[in-house]
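Chemist: only geometry, no sequence info:
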Ligand code: GLN
């Protein structure tokens, strides 16, 4: 099967490679434009979106990545990766680059006003066999979604305060993103969903 990549500039790279490999994928770290050109899909891990934005530029990956996304490459962003994929990020540094592959506005460090990190069980559209354990670490949430964006998960009503009901997983065509960290729990169902998107794309 076609190789898939994990953007390997910063953040939870080995955990994502492990999860993809556990699903049977040929998963590779991507640091150079030539490596990006070889993969059929890309995971953008969590980390720190301002730093990732700068590193994308320094490694000359920003424009090649924008081009691949425009051409329909499947991608899966988690946390900082979701922020980068968004069209707009609130509370981000003004010079932070947005890839604009998802027609969403995210709020950076949104949960930070209540709690830095927390975990909860989420029902996620397209994921079968029970809820997903979602680990949020200085996570964003999605403030608004454009018309082509499918909401995959919201913070349940059992979580009190402002976070309740906030959108934390989305999909638009071949691009999906979660505000939480699916690589932290040993549950590779979201990676598997992403890999299905890659296979669908490769075979059509
Ligand atoms: N708070 C980070 C940011 O704004 C994201 C945190 C994460 O990826 N775990 O980029």
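Modeler: Looks like it came in fine. All of these numbers come straight from a predicted model, not from anything done at the bench.
Chemist: so what does the residue nearest the centre of the chain have for phi and psi?
Modeler: Note on the chain: the residue nearest the mean C-alpha position is residue 77, at 1.3 Å, using Cα atoms, centre = their mean. Phi and psi for residue 77, reported as degrees, to the nearest 10, are phi -110, psi 140.
Chemist: what sits against it?
Modeler: 43-44, 83-85, 102, 175-178 (Cβ atoms under 8 Å, 6 or more residues apart in numbering). C-beta here means a position set from N, CA and C on the backbone, and glycine is covered the same way.
Chemist: do you know how far it is from residue 159?
Modeler: Distance of residue 77 to residue 159, computed by Cβ to Cβ, to the nearest Å: 22 Å.
Chemist: circling back: who does the residue nearest to the centre of the chain form a beta bridge with?
Modeler: residue 44, residue 177 (DSSP bridges).
Chemist: and if you look at residue 141?
Modeler: Beta-bridge partners, per DSSP bridges, of residue 141: residue 107.
Chemist: mind checking the longest helix of this protein?
Modeler: If you go by DSSP state H, the chain has its longest helix at helix 189-203.
Chemist: got a list of contacts for it?
Modeler: With contact meaning Cβ under 8 Å, 6+ apart, helix 189-203 is reached by 1-2, 4, 16, 19-20, 22-25, 40-41, 43, 72-74, 76, 124, 126-129, 132, 174, 176, 178, 182-183.
Chemist: close to the ligand: what parts of the protein are there?
Modeler: Residues of the chain lying close to the ligand by Cβ under 6 Å from any ligand atom are 46-49, 79-80, 83, 108-109, 137-138.
Chemist: switch the residues you listed over to a markdown table; also include neighbour count, pLDDT and distance to residue 89.
Modeler: Listed next are the residues of the chain next to the ligand as a markdown table, based on neighbours: other Cβ atoms under 10 Å; pLDDT from 0 to 100; distance: Cβ to Cβ, whole Å:
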| residue | neighbour count | pLDDT | distance to residue 89 |
| --- | --- | --- | --- |
| 46 | 29 | 96 | 14 |
| 47 | 21 | 95 | 14 |
| 48 | 16 | 95 | 13 |
| 49 | 29 | 96 | 7 |
| 79 | 31 | 97 | 12 |
| 80 | 26 | 97 | 10 |
| 83 | 34 | 98 | 5 |
| 108 | 22 | 95 | 6 |
| 109 | 16 | 92 | 10 |
| 137 | 18 | 93 | 17 |
| 138 | 16 | 93 | 14 |
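Chemist: on that earlier part again, now do the buried residues in the longest helix of the chain.
Modeler: Buried positions in helix 189-203, judged by neighbour count with 16 or more other Cβ atoms under 10 Å: 189-195, 197-199, 201.
Chemist: and that helix, how far out from the chain's middle?
Modeler: Counting by Cα atoms, centre = their mean, to the nearest Å, helix 189-203 is centred 14 Å from the centre of its parent chain.
Chemist: again, but for stretch 52-64
Modeler: Between the centre of stretch 52-64 and the centre of its chain there are 17 Å (Cα atoms, centre = their mean).
Chemist: quick one: mean pLDDT over that stretch.
Modeler: Mean pLDDT, computed over stretch 52-64, is 98.
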